Structures are given as structure tokens and as C-alpha cells.
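*Asks:* below is the sequence, then the predicted model.
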Amino acid sequence: MEAAQAADIAKWVTEAGLSGTSELELLQGFCSRLTEAGLPVSRVNIVIDTLHPIHEGRVFRWRRDDQDGLDPVIEYGRTNVEGQAAENWRRSTYYHLWATGEDFLRRRIGPGHIEDFSVLADLRAEEQTDYLALIHRFEAEGAIGEMDSFYSSWTSDAPSGFSEEEIALLRELASPLMLAMKCASLARIAKTLVETYLGRDAGRLVLSGRIARGVTDRIQAVLWFSDLHGFTHITETADPEQIIPFLNDYSEAIISSIYDAGGDVLKLIGDGALAIFKEEVPGQACRCALKAQRLMQSRIRVLNDERLSCNLPVTSAYLGLHIGEVFYGNIGSQDRLDFTVVGPAVNEVSRIGALCRSVERDVLVSSAFFSAASEDDRECLVSVGRYALRGVARPQELFTLDPAWVEK
């Protein structure tokens, strides 16, 4: 590879990183340019830890030939606990680099060459001839959670493997690639964090620049307020180590139902959840909320069967639904903001949800929700009478799901 070709590759990857190109596109574009310039790379893996509530990190994979059936991106679980993932990690060349403090490892592949790592036998079976492993470490100020370095492996199937000049060039070019991939990873991490802790829609708005204190939109939305039956009693009687798994199980059933029906969860308050459904047509937002309720009920039923089979405590959810005008945006102090909804309608839906226990109904909806719902959806709702709600000036008629409709 000529110096001008190397400079062009470094320039491309730098500009691609600045333009927001994804990690996978960066890897694919970089490797294709290497091979076009004559560098004998046949397969590449790049590994990066991340900041994610479930996954520890991601592997990006490129192959020069036969991409069929190859998953170019793999997300892996925790390697700091016992299990197969942890065992595989400790046997890897990447762990060797991490543990020894080295930043480079090379192994020739084939008869007469040492196979001190299990990956080398696999590569020999694939007729590879040379293997490089690199680590690009971050300084402490540049680390985010466990994201403190990039690991990469570079393999050749050329008869003579990599030349010393090619290895030096590859190590030099890998640095701008890793910097560009770090930019892409940080953008993805930011998106994951804001959506995880703020909600999908709120997170999207924050990332688009809606972060100024007091900036809100006046919107019409269906409001959802759900809570769990008997949570206080369960916390007092169950083993302490069961409480967090208990909450996680039921939160998964409730939140996934809201998301699958097109809603967005804005706040988790202990065992409670506040969510909104935004649609241009109010009746459609009501329909989405009712769909979420059906999904939630079904998933909790399945979850309870699973937990009962393990002799674990079970519960059910009660739900208040309302529709009204709210302020949606950044509210709080100069040092701590919350992206949420406020307004009388929010207080009202929480009162409706809390009333479920008193009237022994799992679902209560407001008269405003009933009026906004489509004619078909109103057929599944029946009146339970007029009730006074704390903090609300006038008693209002509330509705619940028709038992005959629930049993269908």
C-alpha cells in the first residue's frame, strides 16, 4: 500500500466519523478500502464494551468473502460473572492483552506454529495464516462506564500472512478507525441512556436539543397511571432479595405493553408507572391505550403462572386512564430537570387510578376518555357511577371494562 492510499483511508474514516457514520458502516468501509489498496485482510472483529442496562458490549464483524449467514453485530452479556461468557473471555486474546498490559499480539497460524489460544485452532481450520490482536485503551477521563478500550483482531489468509510493513501500517490506521468508532458508540450510548431513563419520545426530544429549563409543549394526550395490587404487603412479607426481581418482572410486562401499543413511559414511581399516548386523532390514542391494557393483562397472566410455579409472590395491576391537555417538557431546578407532563389532567389520572382499590375495579377510565373513544371502543366500557376525586372540583362519571368484553 502506498503512503497516499493510507492517507486517503485515514482521511475517509475521519470524515465518516465526523459525519455520524455508524460503527458497522465504518468497519465495512474501512476494510473494503484496505483490501482495494492491497492489504491482505480476510476477517476483522472489533469489540467494545458499552453502557447498557442489559448488554455489556457489542462485537462488529467483517469478512472479505462469504458474508452469507454472518451476523455482523453481536451483543454479549456480562463477562464479570461466572458462566460460559466469562470463561470464554478469560481464554481470549483480548483478556490476555488486558491482563498483561500489552497492546499488541501476533500469532502465525498453521503447522509448526504455537496455538496457545483456542481461536487459533479455529482459524487454522478456516485456512487463515496470520492473526493480530490490538487494544486501544482510553484514559480515565475518556471512559464511560465499562467502555474503556477497543479490542480488535485482524486475520489474513495470504500464504505469507502480513508483512512487517503491513502490520505497522495496520496499527497506524487502526487508531483513527477506533476514534471514529468511539464517536459513533458515544452517540449510541447517549441515545440508549436518555431513552432508558426518560422514555423513548422524551429521550428523542432531549437529544434533538429540547433541554432548556421551562421549555414545554401544550399537548393533548391520553394519560396512563398504573400501580400494583398489594405491593406494600408483598414488600413486608416477601424475602428482601425477591423485591427487585418482583418489580422487574411486572415492570417488564407493563412497560413492554405500553411500548408495543405505541405509548411512552415517562416515569416509574416505585411500583407505579405514568405513561402517555400521543396521536393526532384522540380516538386513536384511546384505542392504543386500551390495546396496551389488553397486552398488560395477558402478559401479567402468563407471568403469574410462571411465578406461581416457582412459589413466588404474584400480583395484578390496576389502571387509570384519562385524556386531557398537559404541559410536556423540561421542568425542575437549574441543576435537576425532569422531562415529563404536568397539569390538572395528570393529577386527575392518578386519582382515578388510586380509586380502583376503593371501587374494586382493575380499570377505571374518565368520562373524557369515554367521550373521546371511538364508538367501537365505547362498547367495551360500562359506567360504574359518579365519584368525587380528591382535588377535582366536580364528581364525574367513571367507566370500567365490560366484564363480558374482558372474558372474550
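*Replies:* Thanks, I have it.
*Asks:* pull up the per-residue confidence for the residue nearest in space to the middle of the chain.
*Replies:* Centroid-nearest residue in the chain, with CA atoms, centre = their mean: T192, separated by 5.3 Å. Predicted confidence (pLDDT) for T192: 82.
*Asks:* next helix or strand past whichever helix or strand it is part of?
*Replies:* Element membership for T192, per DSSP states H and E: helix 164-198. Remark: after helix 164-198, the chain's next helix or strand is helix 200-207, criterion DSSP H and E.
*Asks:* got the buried residues for that next one?
*Replies:* Under the neighbour-count criterion of 16 or more other CB atoms under 10 Å, helix 200-207 has 201-203, 205-207 buried. (Each C-beta comes from the backbone N, C-alpha and C, glycine too.)
*Asks:* adding distance to V384, write the residues you listed out as JSON lines.
*Replies:* Below are those laid out as JSON lines (distance: CB to CB, whole Å):
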{"residue": "D201", "distance to V384": "32"}
{"residue": "A202", "distance to V384": "33"}
{"residue": "G203", "distance to V384": "36"}
{"residue": "L205", "distance to V384": "36"}
{"residue": "V206", "distance to V384": "39"}
{"residue": "L207", "distance to V384": "42"}
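*Asks:* show me which of those residues is closest to A86.
*Replies:* Closest approach to A86 among those (CB to CB): G203, at 31.5 Å.
*Asks:* how about the closest one, what does it touch?
*Replies:* Residues near G203 by CB atoms under 8 Å, 6 or more residues apart in numbering: 191, 194-197.
*Asks:* can you pick the most crowded of the residues you listed?
*Replies:* Within the contacts of G203, V194 tops the neighbour count with 19 neighbours, counted by other CB atoms under 10 Å.
*Asks:* any idea how far that residue lies from L268?
*Replies:* Going from V194 to L268 by CB to CB, to the nearest Å gives 15 Å.
*Asks:* cool, and R218?
*Replies:* Following CB to CB, the distance that separates R218 from L268 is 25 Å.
*Asks:* circling back to that earlier point, tell me the two of the buried residues of helix 200-207 that are most distant?
*Replies:* D201 and L207, at 11.0 Å, using CB to CB across those.
*Asks:* quick check: most distant residue from the centroid of the chain.
*Replies:* Residue farthest from the centre of the chain, counting by CA atoms, centre = their mean, is G112 at 46.1 Å.
*Asks:* distance of that residue from T93?
*Replies:* 20 Å.
*Asks:* equivalent analysis for Q220, please.
*Replies:* Taken as CB to CB, the span from Q220 to T93 is 57 Å.
*Asks:* of the two, who's got more company?
*Replies:* Using other CB under 10 Å as the criterion, Q220 and T93 rank with T93 on top: 21 against 15.
*Asks:* who are the contact partners of the closest residue to the more buried one other than its chain neighbours?
*Replies:* In space, T93 comes closest to A133 once its chain neighbours are excluded; the distance is 4.2 Å by CB to CB, 6 or more residues apart in numbering. Neighbouring residues of A133 by CB under 8 Å, 6+ apart: 93-94, 96-97, 104-106, 151-154.
*Asks:* what is the nearest of those to Y259?
*Replies:* Nearest to Y259 among the contacts of A133, counting by CB to CB, is Y151 at 32.9 Å.
*Asks:* tell me the SS of that closest one?
*Replies:* Look at Y151: counting by DSSP: H, G, I helix; E, B strand; the rest coil, its state is strand.
*Asks:* now do the strands in this structure.
*Replies:* 43-49, 57-63, 73-76, 104-108, 130-137, 149-156, 216-228, 264-269, 272-277, 317-332, 337-342, 363-365, 381-387, 396-401 (DSSP state E).
*Asks:* mean neighbour count, the ones you listed: which tops it?
*Replies:* For these, average neighbour numbers computed from mean count of other CB atoms under 10 Å are highest in strand 363-365, which has a mean of 26.
*Asks:* elements contacting that one?
*Replies:* Counting contacts by 3 or more CB pairs under 8 Å, 6 or more residues apart in numbering; DSSP states H and E, strand 363-365 packs against strand 317-332, helix 344-359, strand 396-401.
*Asks:* dump those to JSON lines, plus mean pLDDT and distance to P245.
*Replies:* Compiled in JSON lines, the helices and strands packed on strand 363-365 are given as follows (pLDDT from 0 to 100; distance: least, CB to CB, whole Å):
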{"stretch": "strand 317-332", "mean pLDDT": "93", "distance to P245": "17"}
{"stretch": "helix 344-359", "mean pLDDT": "92", "distance to P245": "24"}
{"stretch": "strand 396-401", "mean pLDDT": "94", "distance to P245": "29"}
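*Asks:* could those be laid out in JSON lines, adding distance to A121?
*Replies:* Listed next are these as JSON lines, based on distance: least, CB to CB, whole Å:
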{"stretch": "strand 317-332", "distance to A121": "52"}
{"stretch": "helix 344-359", "distance to A121": "60"}
{"stretch": "strand 396-401", "distance to A121": "61"}
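*Asks:* nearest to L34 among the ones you listed would be which one?
*Replies:* The closest of the helices and strands packed on strand 363-365 to L34 is strand 317-332. By CB to CB, the value is 45.7 Å.
*Asks:* what strands flank that closest one, and is each parallel or antiparallel?
*Replies:* Paired neighbours of strand 317-332 in the sheet (DSSP bridges): strand 216-228 (antiparallel), strand 337-342 (antiparallel), strand 363-365 (parallel).
*Asks:* weakest of those strands by average pLDDT?
*Replies:* strand 337-342 (a mean of 87).
*Asks:* follow-up on the earlier one: can you give me the buried ones in the helix holding T192?
*Replies:* Of the residues in helix 164-198, those buried (16+ other CB under 10 Å) are 166-167, 169-170, 173-174, 176-178, 180-185, 188-189, 192-195, 198.
*Asks:* closest to N88 out of the strands paired with strand 317-332?
*Replies:* When these are compared by CB to CB, strand 216-228 sits nearest N88, at 38.5 Å.
*Asks:* what angle do helix 344-359 and the closest one make with each other?
*Replies:* 10 degrees (axes from the mean of the first three to the mean of the last three CA atoms, to 10 degrees).
*Asks:* residue ranges with poor pLDDT in the stretch 51-200 of the chain?
*Replies:* Scanning the stretch 51-200 of the chain for pLDDT under 70 picks out the ranges 54, 66-69, 77-83, 85, 142-143, 145-146.
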